[in-house]
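Engineer: For reference, the sequence and a predicted model appear below.
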Amino acid sequence: MAKGWKNSQRQPVANRDLWEPLVAHFQSGRLILQWVKGHSGDPMNDLVDRLAVRACVEQKGGAGERPPPGGIEAAGPTDLVAEKVDTLAGHPIAVAGLRPPALGGYDPNPLADRVRDLLRARLLGEKLLHPDLVVLSGMDLGAPQLGVEAAASLGAPYVAVLPYPSMESVWRPEAQEHHRSLLGGAREVVTVGRKAPTTKQQAGAALGRRNDWLARHATDAVVVWDGRDEATGKLVKSLESRLGSDHVQLVEP
């Protein structure tokens, strides 16, 4: 115990011996500090980064004396989650809520039209209060896409936040085409998960991570909810927990 205690006491001294000369050199003007982006194109750094992410995803380590066949690109994704979007400068407000068939089905219908008008009115009010309004949408069918359409009609920029690549691949052709046209008008497209899910459990987890991203990056939220849908109810509670109940507006269809 005494030996361990003495070692722990010596550590701060060693740190001081390291940093004090460095600070003195910096203050004298003989040292220039330059920020270098991590993993900035160094092949081995990039390789290690990808291997670490793959080990996290697969929950198993790797071994070997050489890079995997296929080089760096075969080692795995560069990251798991998109954490930062520079174009969120402004007042980001998330639009979420009910999806078909809860909004009158998958085809255009009067209920969906009414919800779009309600969202447009809410977003117009927010835009008057916050001219730098930016709409965040998870791009699901239903309320999230209706919110994007409402934002576009007001000339408000929107950011599409996808849970994983090609989320629309299982939708009907006309829905896929509309989704891609909306992506074309987005200020930015953020893809939270780097791999498409292969099971319902993975898909649910991906949607959860996407919703968490929205909650962490939004200042306010507008949620279309009928008070009955359980999934939307959980989303409302999550947003209220993150943002505060005063920052979550509910729209009844």
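Structural biologist: Sure thing, it's come through.
Engineer: neighbours of Tyr164, just the number please.
Structural biologist: The burial count assigned to Tyr164 is 19, neighbours taken as other C-beta atoms under 10 Å. Where you see a C-beta, it was placed from the backbone N, CA and C, and this is true even at glycine.
Engineer: got it, and Pro110?
Structural biologist: The local packing count at Pro110 equals 8, with neighbours defined by other C-beta under 10 Å.
Engineer: Distance of it relative to Leu103?
Structural biologist: For Pro110, the distance to Leu103 equals 10 Å [C-beta to C-beta, to the nearest Å].
Engineer: again with Ala160
Structural biologist: Separation of Ala160 from Leu103 (C-beta to C-beta) stands at 19 Å.
Engineer: likewise Ser238?
Structural biologist: Counting by C-beta to C-beta, the gap from Ser238 to Leu103 is 21 Å.
Engineer: ok, now Thr232?
Structural biologist: Counting by C-beta to C-beta, the gap from Thr232 to Leu103 is 11 Å.
Engineer: which residues do these two both contact?
Structural biologist: Overlap between the contact sets of Thr232 and Leu103, as judged by C-beta atoms under 8 Å, 6 or more residues apart in numbering, is given by Val224.
Engineer: now the helices: where do they sit in the stretch 151-253 of the chain?
Structural biologist: Along the stretch 151-253 of the chain, the stretches classed as helices by DSSP state H, counting those that start in this stretch are 173-184, 200-217, 230-243.
Engineer: Output the contacting helices and strands for the shortest one.
Structural biologist: It stands for helix 173-184. In this structure, helix 173-184 packs against helix 143-154, with contacts taken as 3 or more C-beta pairs under 8 Å, 6 or more residues apart in numbering; DSSP states H and E.
Engineer: what's the helix it packs on packed up against?
Structural biologist: Contacts defined by 3+ C-beta pairs under 8 Å, 6+ apart place helix 143-154 against strand 91-97, helix 110-129, strand 133-137, strand 158-162, helix 173-184, strand 220-224.
Engineer: I'd like the mean pLDDT over the first one, please.
Structural biologist: Put plainly, it is strand 91-97. Average pLDDT, strand 91-97: 95.
Engineer: List the neighbouring strands of that strand plus their orientation.
Structural biologist: With DSSP bridges as the criterion, the sheet partners recorded for strand 91-97 are strand 133-137 (parallel), strand 220-224 (parallel).
Engineer: what separates the last one from the chain centre, distance-wise?
Structural biologist: The chain centre lies 17 Å from the centre of strand 220-224; the measure is C-alpha atoms, centre = their mean, to the nearest Å.
Engineer: Pull out the buried residues from it.
Structural biologist: By neighbour count, with 16 or more other C-beta atoms under 10 Å as the criterion, the buried positions of strand 220-224 are Asp220, Ala221, Val222, Val223, Val224.
Engineer: List the contacts of it.
Structural biologist: 91, 93-98, 103, 115, 118-119, 122-123, 126, 142-143, 146-147, 214-215, 232, 235-236, 239, 243, 247-253.
Engineer: Please check those residues and keep the buried ones.
Structural biologist: Taking 16+ other C-beta under 10 Å as the criterion, what is buried in these is 91, 93-98, 103, 115, 118-119, 122-123, 126, 142-143, 146-147, 214-215, 232, 235-236, 239, 243, 248, 250-251, 253.
Engineer: now the strands paired with strand 91-97 as JSON lines including mean pLDDT and distance to Arg194?
Structural biologist: Written out in JSON lines, the entries for those read as follows (pLDDT from 0 to 100; distance: least, C-beta to C-beta, whole Å):
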{"stretch": "strand 133-137", "mean pLDDT": "96", "distance to Arg194": "19"}
{"stretch": "strand 220-224", "mean pLDDT": "96", "distance to Arg194": "25"}
